[in-house]
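In: Kindly return the folded structure for what I paste below:
(4 chains)
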Protein chains: 2
Amino acid sequence: MSDSALIDAARDFNRFYTNFLGVLNKAYLDTQFTLTDARVLFEVGSQERVSAVALVRDLHLDPAYLSRILKRFKAEGLMETTPDPDDRRSQIISVTDQGRQQFQDLVRRSNAQIAGRFDKLAAGEPQNVVAAMKTIRSLLDPEAALPPLVIRPHRSGDIGWIVESQAKFYSEEYGWDMRFEGLIAEVAGRFLTNFDPAMEYGWIAERGGINIGSVLMTNGGDGIAKLRLLYIDKSARGLGLGKTLVDECIRFARAKGYRQISLWTNDILSTARTIYVKAGFQLVSEEKHRMFGPELNGQTWVLDL
Amino acid sequence: MSDSALIDAARDFNRFYTNFLGVLNKAYLDTQFTLTDARVLFEVGSQERVSAVALVRDLHLDPAYLSRILKRFKAEGLMETTPDPDDRRSQIISVTDQGRQQFQDLVRRSNAQIAGRFDKLAAGEPQNVVAAMKTIRSLLDPEAALPPLVIRPHRSGDIGWIVESQAKFYSEEYGWDMRFEGLIAEVAGRFLTNFDPAMEYGWIAERGGINIGSVLMTNGGDGIAKLRLLYIDKSARGLGLGKTLVDECIRFARAKGYRQISLWTNDILSTARTIYVKAGFQLVSEEKHRMFGPELNGQTWVLDL
DNA sequence: ACAATTTAGTTGACTCAGTCAATCAATTGA
DNA sequence: TCAATTGATTGACTGAGTCAACTAAATTGT
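Out: Sure, this is the predicted structure:
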């Protein structure tokens, strides 16, 4: 695509999104607030403590205008200002309890608008929209902080996600065929059907509502815990997430009194192998196989606890 | 729910992009036009011939306001209107040569703003931004023509998708627990590991690269074909896609010489049942069970071919 | 140290972008 | 054929947002 085609496409998108936001922002029109009021309330409400200059800068407002808005908000008891001790010209703005309620009401209205849009989409499409938004944001706004990475237990849909994302990845990257997907679907399915909450666990790493990594720990009997289906999405590699998940597993296995962790992998997955080696795993056996199409070196690694 | 994390992320993006567009739209402030003027000129300029109603609808303008804007543009010689021959109340708006020059000037200013942003990015990044924009647009713009619905054989990742989407749906809608996900993961996994291309098949319905429906046909032995994991995503219901997929199955089973199709479902899934009844399936047995948490009525249906 | 300059915020005065209600004219529907 | 609906215009209004002038505190340069 040529530069000018890119720019045209971006202009076109901006035109579309201007209209789109215009519709979404109708949500505020039912309230006492103007769009600018709402933006100020949003900014102060979500940051808790802001200076007026920062608001002027971030929201591109006229200082005079902001001054009047704040005066009104203070009169209505929604916000309060305290002089900045470091610079007595400046003031720190924060919301009162009442202001916080109004803020949360705005958030609810805004959420309802977005949820209404998302409801019309197919399952999975909202994830795609949000992922695309994050791409745009991270590129156009280098200051943007990534939403926090959360590690949580697995829930409905996660196992399917593990199967889908791993199958796609290994198929595209290494040409593994669908027998691989079949195998992990069976493994993951058995994990759920025989799930023993006392001795087993599934970890999902997610960021901003999007799954980006997983690992399962299953009971192999004889005091051996099996580490299975470790996977880190492309977008989250190089952050040490693999290590974090493996460490979680080890901690869990120790806590549950397992005497050994065992795992099966293939030698071409060198990043994973590095993680296992660093965690102290030892290679105990290796065999060539063609379970998934191309010839591979299957490896079994164990860690004595 | 992770839905709420998605919505939060979307709200956050909208907040960011409102500011971003605010900055970009400064480009118009150097001209004689207001933002709304510019939007009208953009819309008319790029569509050549539009009706006033269409503008009001697409740009969400007050008809009175648009009327005044057009009056001014006509007085300035930027636009002209001709009555619509089909409806003499209505008028067709188009730009004059002079209007087109102004429009192109706006395009240049807007492009310069975007180019300024893109210049700060690394090589390849603008492409990523624009690709993400297209993703968002295609999903959020209801006017955008729907890409065609395609029914194709299953491939890597599809089985995982089936598990994920069904697990999420039945968990949210009917409160089924993760044993359901485990069961379908095992069923779907065995489908792949024992796959017999001569007698079995998986159909995936997809639109614009996104899966929206599925059904599998497996060999149950004794000349019996099993229809499994029929699923239509929310976004594609009511289009007869379920019937289409079941018909595909029946055609396939006939062609392969099966003597009967059998399937297992639960009575609360009434839409699916309607499809089976219409296709000629007969209920042969029914039993209560609690395999997935809530009490359900499992049903076996068969169709003699 | 201290005048000169810059920065944070406020106030007065204004205007024009955008809204609402009423009206006319053409079309549709029962 | 007559009532209801839809497209477009006009009159009357208002309040969101702007601009310039000002105060007060902080910073800079010599």
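In: For the helix or strand containing residue A:245, buried residues please.
Out: Following DSSP states H and E, one finds residue A:245 within helix A:241-255. Across helix A:241-255, burial judged by 16 or more other CB atoms under 10 Å in any protein chain shown covers A:241-242, A:244-246, A:248-250, A:252-253. Using the backbone N, CA and C atoms, a C-beta is placed for each residue, glycine as well.
In: For it, which helices and strands make contact with it?
Out: strand A:149-153, strand A:201-207, strand A:210-219, strand A:224-232, strand A:260-266, helix A:270-279 (3 or more CB pairs under 8 Å, 6 or more residues apart in numbering or on different chains; DSSP states H and E).
In: check contacts around residue A:198.
Out: Residue A:198 makes contact with residue A:256 under the criterion CB atoms under 8 Å, 6 or more residues apart in numbering or on different chains.
In: Name the helix or strand for it, please.
Out: Per DSSP H and E: nothing holds residue A:198, as it lies in no helix or strand.
In: Could you do residue A:15 as well?
Out: Using DSSP H and E, the element containing residue A:15 is helix A:3-24.
In: quick one: that helix near DNA strand C?
Out: No. Judged by CB under 7 Å from any atom of the strand, helix A:3-24 makes no contact with DNA strand C; its nearest approach is 9.9 Å.
In: Now do that helix: which elements does it pack against?
Out: helix A:97-119, helix B:2-24, helix B:35-47, helix B:52-59, helix B:97-119, helix B:125-140.
In: Pull out the buried residues from the fourth one.
Out: Applying a neighbour-count criterion of 16+ other CB under 10 Å, one finds B:52, B:54-56, B:59 buried in helix B:52-59.
In: Please determine whether that helix lies in contact with chain A.
Out: Yes. For a cut-off given as CB under 8 Å from any CB of the partner chain, helix B:52-59 has contacts with chain A, namely B:58-59.
In: Report whether stretch A:18-35 contacts DNA strand D.
Out: Yes. Using CB under 7 Å from any atom of the strand, we find that stretch A:18-35 touches DNA strand D at A:34-35.
In: Can you give me the end-to-end span of that stretch?
Out: Separation of the first and last residues of stretch A:18-35 by CA to CA, to the nearest Å is 14 Å.
In: List of residues touching the helix holding residue A:245?
Out: A:149, A:151, A:201, A:203, A:205, A:212-215, A:217, A:225, A:227, A:230, A:232, A:261, A:271-272, A:275-276, A:278-279, A:303, A:305.
In: where does chain A come near DNA strand C, residue by residue?
Out: By CB under 7 Å from any atom of the strand, the part of chain A that sits against DNA strand C consists of A:51-53, A:56, A:63-64, A:66-68, A:70-71, A:81, A:84, A:87, A:89-91.
In: one more time with 6 Å
Out: Neighbours of DNA strand C within chain A, by CB under 6 Å from any atom of the strand: A:51-53, A:63-64, A:67-68, A:70-71, A:89-91.
In: Quick check: the gap between residue A:66 and DNA strand D.
Out: 8 Å (CB to the nearest atom of the strand, to the nearest Å).
In: what helix or strand does that residue sit in?
Out: Going by DSSP H and E, residue A:66 is in helix A:63-75.
In: quick one, that helix and helix A:97-119 angle?
Out: 110 degrees (axes from the mean of the first three to the mean of the last three CA atoms, to 10 degrees).
In: still on that earlier bit, okay, the helices and strands packed on helix A:241-255 in TSV with mean pLDDT and distance to residue B:283 next?
Out: Output for the helices and strands packed on helix A:241-255, formatted as TSV (pLDDT from 0 to 100; distance: least, CB to CB, whole Å):
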stretch	mean pLDDT	distance to residue B:283
strand A:149-153	93	39
strand A:201-207	93	37
strand A:210-219	92	38
strand A:224-232	96	39
strand A:260-266	96	44
helix A:270-279	95	49
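In: Mind putting the ones you listed into JSON lines with mean neighbour count?
Out: What follows is these, written out as JSON lines (neighbours: other CB atoms under 10 Å in any protein chain shown):
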{"stretch": "strand A:149-153", "mean neighbour count": "13"}
{"stretch": "strand A:201-207", "mean neighbour count": "22"}
{"stretch": "strand A:210-219", "mean neighbour count": "24"}
{"stretch": "strand A:224-232", "mean neighbour count": "23"}
{"stretch": "strand A:260-266", "mean neighbour count": "19"}
{"stretch": "helix A:270-279", "mean neighbour count": "15"}
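In: out of the ones you listed, nearest to residue A:98?
Out: Between residue A:98 and the helices and strands packed on helix A:241-255, the shortest separation by CB to CB is 31.2 Å, and it involves strand A:149-153.
In: Run through the neighbouring helices and strands of that closest one.
Out: strand A:201-207, helix A:241-255.
In: wait, which of those is closest to residue B:236?
Out: strand A:201-207 (26.3 Å).
In: which other helices and strands contact the helix or strand containing residue A:300?
Out: Here residue A:300 is covered by strand A:296-304, with elements defined by DSSP H and E. Counting contacts by 3+ CB pairs under 8 Å, 6+ apart, strand A:296-304 packs against strand A:260-266, helix A:270-279, strand A:282-289.
In: tell me what the longest one is packed against?
Out: Spelled out, it's helix A:270-279. Looks like helix A:270-279 contacts helix A:241-255, strand A:260-266, strand A:296-304 (3+ CB pairs under 8 Å, 6+ apart).
In: can you redo the ones you listed as CSV with distance to residue B:140?
Out: Listed next are the helices and strands packed on helix A:270-279 as CSV, based on distance: least, CB to CB, whole Å:
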stretch, distance to residue B:140
helix A:241-255, 30
strand A:260-266, 40
strand A:296-304, 42
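In: Turn those into TSV, columns for distance to DNA strand D.
Out: Below are the helices and strands packed on helix A:270-279 laid out as TSV (distance: least, CB to the nearest atom of the strand, whole Å):
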stretch	distance to DNA strand D
helix A:241-255	41
strand A:260-266	57
strand A:296-304	56
